[in-house]
Each structure stands twice: as structure tokens, then as C-alpha cells.
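Novice: What follows is a predicted structure for the sequence shown.
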Amino acid sequence: MPLVNAQGHRISKEDEKIIVEMLSGSIDSHLARLKEVRDRNRDREAASKFYDPLIEEYEKARTELGKKCREVFESGRNINASEFMTGYLDDIAKKAVPKVDRESSCFMEFALYLIPGFGNPEYLAMTSGPEDTTPVPAHVQDREESYEASVKNFKFSDAPMKGIENIGTYNPEKDSVKILYTLRTGNSTTMSRDVAKMKKEKEDIRNDPELSESEKGRRIKIIDGRIEAYKVGSFGLNTAAEISRIHSVELANKPEITAADLFRTLSELNIANRPGEPLAGKLRGTGIHAGDINGVSASRAPGILYKTLDMVAGYMNEIKLITDPALRKTRAIELASFADAMIVSEHVFADTNGRTGRMFTDTILQTFGLPPHTPLKDLKGTTKTLGETMDFKKRAFIYFNSVNISDKLLKESKRLREEKMKDAGAVSKTLASTEEGLQTDERADILVQSVRKLAETARKRLAELESMSRAGHVNSDEYIAMHDALKAAGSLDPENVNITAVERALNEIDRTSKEYEKSHTGWFVANRDFGAKRLEMSKGNQQFVAEQRQMLRKLSGSFDKMTAISDLGGKKNEAVSIPVAESKAQTVKVKSVKLSDLETKKGVPSEHKNVKRNRSIKVNQGTVL
């Protein structure tokens, strides 16, 4: 029995593979950091002489990683997986660090910045030579007793939370929660405001009479780069939200969840939140501080994270065995809160740890039939550096409220959709009776001719759309939907169709074209060759629909009724208004949700009664850890 977890149980083959992947990513990050510092040094010759021996040692370790791990996996000794990972990185440093030249001009930068970031203070003692045997204590957040001090306060409740039975059960494979994507990401509204400010700054620069044209161009170019980075980040948030949902479906269907499953989820979420970054999804190779939190050292990150994910996986498997739905949901919320706190405390990635942690908790929540949470500012300050006491009960209570808000939003959205569907059904019946009034052959002929012309035009537009392509390009979901809507309209049978069917086809073209225009306008600009043509086509489709609707209104003599149908077309996901406020918080207006429907102080444990509650539902954007 080679590698074992904290409980002494042999780890799975999948976990063995993921340990190699975690160590590999960590070494890659260490190498990238060494090369970055070397390459930015003005004295290239001195920097190369100082850093190249270190880089060679890490590259050698990267090459030998697979072989070394196999030897351990196949050994007859029981080795703690977390300790093995930390020891492996320490062994690399023990071979590399003593090679540095203490007399080099690069040594001070190395000692002040790289050594603390790599993690083990003993590395610096290695540079002093074998005669210096002074013991160096580890950073507080890296010590085993610090980890145990943080996790010991986490305990599951024996009974369900009050009001948990009122939260609906959602199937992540079937029930859409996209209306929550803006809220669950936490920072998307902040990004939008920042982009607006930067655009205003660009305008001010253009109008500044004291700046030369070249200086204006230089400053505007810098701002454009920042705007593009924000737009890419915003896209990453929504992508990560969808990845979270997909992984929750997989985890819900797995007989047994492992640490490997959870690391893949966490890594992919980090990649989605950092689109285009080469080290996204890999554990960092530098030190990191975020507000009041000191992340664990880079050399300790793989081992500590594995221990946490193995613990969370075990708890998820236990929750799966619970038959009481209310208790099952309660413990899922408590575990999600715990996982978020630990991941943010450890800060194992170089960037977007907060967003990645939030998406990871949503994966846990959706695995057990709960909706994604709506981030609340009450969470700010509840996460600490490892070793400090965290109030997991308070965090779980805040998470309960955030899930409760999401549940109310989803139910209200569903109610409004159902109301509109009822209205649509009533109008359709009225139109059906109107169509029966087309008694003359002349009016029937007009309908046949009009539908034939509509279908022909739709087929032409479809052919034009299909010509806008290039080899190897993967079409978006929005493009496919718009393509299929045109294809359906082109298949209408003029001899066997009524006005309602035609209007339904037009609604679908209009809806899909608007979705395409919305998703391909703004930061994701289709500004080259076929992309620009497709965007123009989506706008043309909407004009085409408007013209056809006008013709149908005249034909049916039911202008008001047709207008009602048009207004109902393609608004599935727009039932709940979520305006972006200019203040520090975003106000979510929910028509039928009362404050009394949410968790109130009645029945809340006394230690949580100091948690502030807004009189209106507000979601802070940008300050959630």
C-alpha cells in the first residue's frame, strides 16, 4: 500500500494521476517564476549565471517526475500523499538552492522575493553553507498545527436548517439557472462599471487640448488593452458558471467522488476564469497575499490542497447516503461554505482564487439539487489565513441566505414565464378562430403566396448564412440556433400552414438572431471577414421578421392580437429584471419576493443574530472574497 490519505486509506489510481498533474503544474509555475525574474534583470549575463543552475535543476525534476512517482506508487511502504507532495518539492529545492552564488548581485532579490514565495524558510539557510545549522521555523500558514486549528471547528449540523424545506430541488442537467449567472459570478457588474469608467477616461484623453496626438494615442492604447482584459475576464466568469454546472451533473452521477474529480473541477474553473493565461489551472510557484489572507507557500500548496479536496470528497460521499432531503441540503450548504473558506485561505492559484472558489461551491450545491448561490457581502472578512479561527456556522448561515435568494429568483422567473405562456395560449386560440374567418378563396390565396415567399426568402438567407464560414471554425451555439430557425422557416408548407405556425417560426428567427447579436457584440466583437457578415446577417434577420409580421398583421386583421404574440416571443430568460445600479451594490428587484419570505432572525441561533440584513435584497459586486 504505497500512497495513503490522511485517514490512512490507500488513494485511488485516479488520485495518483492527479498528484502527478498537481506536482507538474507546480514545477511549471516555479520554472516560469525563475525565468521571469531572470529575463527582466538588466544585467542579463549575471542573471543567467545566477538563475540558470536553478532552472536546470527544476527542469530536470520536471523530466523525472513521472518516474519518481511510479517508484513511490509501486513501493511497499505506506506514504502519506500530502507529505509526499511537499517532500518532493522540498527535495528539488535542496538540490537547487545551494547552487546559488551569494556574492552575485542577484542574490538579494532572490532571498527577499523568491525564497519566501517558494515557501520553506529553510531554503534560505541552505544558501549559507553546511556550517549554518540554525533551525528556521515554517511560515505559520504552512504548519500542520495551523491547518488542524482551522478545520477542527467545522462540524455538520445534526438537524436541518430552519426553512431549508422551502428551497426547491433543481436538476442541473435539465433546469436552467442562467438567470443567476450574472449574480453568482460576483464581479461581472464591477467589471462593467470599470469598463464604462475607462471608456469615459478615453473620451477625456481625446478632448484634452494639452496632450499631443502621439501621447493621446499612447494612453488610449493602454486603456484599450485594459478594457480587452476586462472583457475577456467577464466572458470567463460565464464560462466558468457553465463548467460548474456540467461538473455538478458528473459528480451527482458518480458512485464515489474522489479528490481527483474535485481537482479537475477546480482546475478547469480556474482556467475558465483566466482565459488565455498559460499557467491558468496550475498551482502557483510564488508567494501570495490577498487582503488579510496569507496564502500557503508554493511548496506547500499541492500537499495542503490535496488534503482539503480529499476531505471534501469524503464528505460529499457521506452526504450522498443521507435519505432525509432537508438534512442532505443542509449539509451540502455547510460543506460548500467550508470548501470555499479553505480554498480561499490556501490561495493555491496565482489569480482568481475567490471567483474559482465561488464557482467550486456552486458545483457542490448543484450536485445535491440546490441552486447556485448569490454572493453576499456578508461573507467578506469571514475567511482567514490558515491557523486562524473561522466561524463556519456563521458562514453556513450566510450561504443559506444566498441560496435562498437564488431559489426565490428562480421561482419568480418560472412564475412569470408560466404567466406569459398562458397569455400566449389565449392569444393563439383567438388567432385560430380568426384564421377560420378567412373564408374567401382570395384571402386564402394571399396567405399561401405570402408563406411561399417567406419560406423562399428564409431559404435564401440560410444559404447566404452557410456561405459565411471558414475551414476548421467551430460554430457557436447561438449560430447553430439561428441557422436552425432559418431552416425551419424555409421548410414551411404554404399549402398546409396557419398564421400561428408562421408567427411561431418568425418568433424563433427573431429570438435566435437577437441572441446571436447579443453574444457577438460588445467585447466579443465579430470584426473580421465572415464574423462581421454573420453579425450583419443576424440584424438583417430581425428586419426580415419585422417586415413579415407587418404583412401577417394586415392579412389577419388582428393587429393587436399579433402584437401580443410578438411581445411574448423569445423572452424566456428575461422574466426577472436585474438592473445594474451605479452604487456600490447591485439591487435585485424581485416582484413577488417579500423580506418575510427570506430567512429572518426568528429561529436563528443567537451567535448569528448580529449578521446584518438589508431591507431590500442587495448583492455586493466586487468585494466578495
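Specialist: In hand now; what should we look at?
Novice: ok, the residue nearest the centre of the chain - contacts?
Specialist: With distances taken as Cα atoms, centre = their mean, residue 240 lies nearest the centre of the chain, 2.7 Å away. Residue 240 is in contact with 185, 269, 272-273, 355-356, 359, counting by Cβ atoms under 8 Å, 6 or more residues apart in numbering. Any C-beta I mention is one placed from the backbone N, CA and C, and that applies to glycine too.
Novice: please redo it, this time with the cut-off set to 6 Å
Specialist: 269, 272-273, 359 (Cβ atoms under 6 Å, 6 or more residues apart in numbering).
Novice: So which of those wins on neighbours?
Specialist: Compared across the contacts of residue 240, residue 359 has the highest neighbour count, 31 neighbours, by other Cβ atoms under 10 Å.
Novice: That one sits in which helix or strand?
Specialist: helix 353-367 (DSSP states H and E).
Novice: and residue 279, what are its phi and psi?
Specialist: With angles defined as degrees, to the nearest 10, residue 279 sits at phi -100, psi 10.
Novice: That one and residue 273, how far apart?
Specialist: As defined by Cβ to Cβ, to the nearest Å, residue 279 lies at a distance of 13 Å from residue 273.
Novice: now residue 313
Specialist: For residue 313, the distance to residue 273 - Cβ to Cβ - is 22 Å.
Novice: So residue 269 is in contact with residue 356, correct?
Specialist: Yes - counting by Cβ atoms under 6 Å, residue 269 touches residue 356, with 4.9 Å between them.
Novice: pLDDT value on residue 582, please?
Specialist: At residue 582, the predicted lDDT confidence score is 35.
Novice: Spatially nearest residue to the residue nearest to the centre of the chain, not counting backbone neighbours?
Specialist: Leaving aside its sequence neighbours, residue 240 sits nearest to residue 272 (Cβ to Cβ, 6 or more residues apart in numbering; 3.8 Å).
Novice: doesn't residue 241 make contact with that neighbour?
Specialist: No - in this structure, residue 272 is not within contact of residue 241 by Cβ under 6 Å, at 8.6 Å.
Novice: how about the contacts of residue 240 in JSON lines, adding secondary structure, distance to residue 418 and pLDDT?
Specialist: Formatted as JSON lines, the entries for the contacts of residue 240 read as follows, by DSSP: H, G, I helix; E, B strand; the rest coil; distance: Cβ to Cβ, whole Å; pLDDT from 0 to 100:
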{"residue": "269", "secondary structure": "helix", "distance to residue 418": "33", "pLDDT": "92"}
{"residue": "272", "secondary structure": "helix", "distance to residue 418": "33", "pLDDT": "84"}
{"residue": "273", "secondary structure": "helix", "distance to residue 418": "34", "pLDDT": "81"}
{"residue": "359", "secondary structure": "helix", "distance to residue 418": "30", "pLDDT": "91"}
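Novice: Wait, a strand at residue 8?
Specialist: No - read with DSSP: H, G, I helix; E, B strand; the rest coil, residue 8 is coil and lies in no strand.
Novice: which stretches of the stretch 401-550 of the chain have low pLDDT?
Specialist: Across the stretch 401-550 of the chain, the ranges flagged by pLDDT under 70 are 422-447, 470-472, 497, 521-530.
Novice: go with 90
Specialist: 409-410, 412-508, 510-550 (pLDDT under 90).
Novice: Check the burial of residue 286 by counting its neighbours.
Specialist: Residues near residue 286, counting by other Cβ under 10 Å, number 20.
Novice: One more: the one 10 residues further on?
Specialist: Residues near residue 296, counting by other Cβ under 10 Å, number 27.
Novice: And residue 145, by the same measure?
Specialist: If we define neighbours as other Cβ under 10 Å, then residue 145 has 9 of them.
Novice: Give me the mean pLDDT for the helix or strand that contains it.
Specialist: Assessed by DSSP H and E, residue 145 sits inside helix 144-151. Here helix 144-151 scores 87 as its mean pLDDT.
Novice: residues of it that come out buried?
Specialist: Neighbour-count burial for helix 144-151 flags 146-147, 149-151 (criterion: 16 or more other Cβ atoms under 10 Å).
Novice: What ranges does this protein have for its strands?
Specialist: All strands of the chain, identified by DSSP state E, fall at 3-4, 79-80, 289-290, 293-294, 585-587, 618-620.
Novice: List the contacts of the first one.
Specialist: Yep, that's strand 3-4 we're talking about. By Cβ under 6 Å, 6+ apart, strand 3-4 touches 10-11, 78-79, 81.
Novice: Return the distance of it from the chain's centre.
Specialist: Put simply, strand 3-4 sits 32 Å off its chain's centre (Cα atoms, centre = their mean, to the nearest Å).
Novice: The stretch 301-450 of the chain: helices as residue ranges?
Specialist: Ranges of helices in the stretch 301-450 of the chain, per DSSP state H, counting those that start in this stretch, are 301-320, 325-346, 353-367, 392-436, 441-466.
Novice: Could you look over those and pick the most buried one?
Specialist: Stretch with highest mean neighbour count among the helices of the stretch 301-450 of the chain: helix 353-367 (a mean of 27; mean count of other Cβ atoms under 10 Å).
Novice: Now do that helix against helix 301-320, angle only.
Specialist: Put simply, helix 353-367 runs at 20 degrees to helix 301-320, going by axes from the mean of the first three to the mean of the last three Cα atoms, to 10 degrees.
Novice: Could you shift the numbering so residue one becomes 5, and keep it that way?
Specialist: Let's use 5 as the start, then, which means that last one is helix 357-371.
Novice: okay, helix 357-371 in PDB with CA atoms only?
Specialist: C-alpha atoms of helix 357-371 as PDB (Å, rounded to 0.1, in the frame of the first residue of the first chain):
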ATOM      1  CA  ASN A 357      -8.900  32.300  -6.300                       C
ATOM      2  CA  GLY A 358     -12.100  34.000  -5.000                       C
ATOM      3  CA  ARG A 359     -14.100  33.500  -8.200                       C
ATOM      4  CA  THR A 360     -12.800  30.000  -8.600                       C
ATOM      5  CA  GLY A 361     -13.800  29.200  -5.000                       C
ATOM      6  CA  ARG A 362     -17.300  30.600  -5.500                       C
ATOM      7  CA  MET A 363     -17.800  28.500  -8.700                       C
ATOM      8  CA  PHE A 364     -16.500  25.400  -6.900                       C
ATOM      9  CA  THR A 365     -19.000  25.900  -4.100                       C
ATOM     10  CA  ASP A 366     -21.800  26.200  -6.700                       C
ATOM     11  CA  THR A 367     -20.600  22.800  -8.100                       C
ATOM     12  CA  ILE A 368     -21.100  21.300  -4.700                       C
ATOM     13  CA  LEU A 369     -24.500  22.900  -4.200                       C
ATOM     14  CA  GLN A 370     -25.800  21.800  -7.600                       C
ATOM     15  CA  THR A 371     -24.500  18.300  -7.100                       C
END
